[in-house]
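K.L.:
I'll drop the sequence and a predicted model, then ask my questions.
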Amino acid sequence: MCKNLTSLTNLLLTASRSGDRMSEIKRQMEHKRVHGRACDGDHEVNVELNGLGVVQTVEFSESLFQGPEHKATAQRLTLEAMTQAVAAAKQMHVQALRELTRGIDLPGIDKIFEEMAS
């Protein structure tokens, strides 16, 4: 019985610390940046997100504004750059969660992280 109470107490302490740590990670992620870049010849789109996946900047090369025929290229490149940046933000987030849960025995957590990153 004493062993079970000790285990429960340790679990509750770990959960409490994890909540504090998760708040700290969220604050850090707001300041971290990930990037996505897509090019097609001299046409380029660059996207920057924070670690939470919130768009910070989107930049277009001037060549994308040279004529209406470049609209489809701009749309395609923007989608490609956003997809890259979102994938990088997910990976950053998963890494932070892995660090948070290191040392805690949670069955199936690795599978959950793999699904989150995909």
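P.N.:
In hand now; what should we look at? Numbering: from 1, shown residues only.
K.L.:
which stretches of this structure form strands?
P.N.:
For the chain, the strands defined by DSSP state E occupy 33-40, 43-50, 55-60.
K.L.:
TSV for the ones you listed, including mean neighbour count and mean pLDDT?
P.N.:
Backbone N, C-alpha and C define where each C-beta goes, glycine included. Formatted as TSV, these follow (neighbours: other Cβ atoms under 10 Å; pLDDT from 0 to 100):
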stretch	mean neighbour count	mean pLDDT
strand 33-40	17	96
strand 43-50	20	96
strand 55-60	13	96
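K.L.:
Compare the ones you listed and give me the one nearest residue 84.
P.N.:
Closest approach to residue 84 among these (Cβ to Cβ): strand 33-40, 3.3 Å.
K.L.:
so what secondary structure elements neighbour the closest one?
P.N.:
Here strand 33-40 touches strand 43-50, helix 71-101, going by 3 or more Cβ pairs under 8 Å, 6 or more residues apart in numbering; DSSP states H and E.
K.L.:
what's stretch 86-104 in contact with?
P.N.:
Identification of contacts with stretch 86-104 by Cβ atoms under 8 Å, 6 or more residues apart in numbering yields 14, 18, 21-22, 25, 28-29, 32, 34-36, 49-53, 109, 113, 116-117.
K.L.:
One more pass at 10 Å, please.
P.N.:
Contact with stretch 86-104 is made by 11, 14-15, 17-18, 21-22, 24-26, 28-29, 32-36, 47, 49-55, 109-110, 112-118, as judged by Cβ atoms under 10 Å, 6 or more residues apart in numbering.
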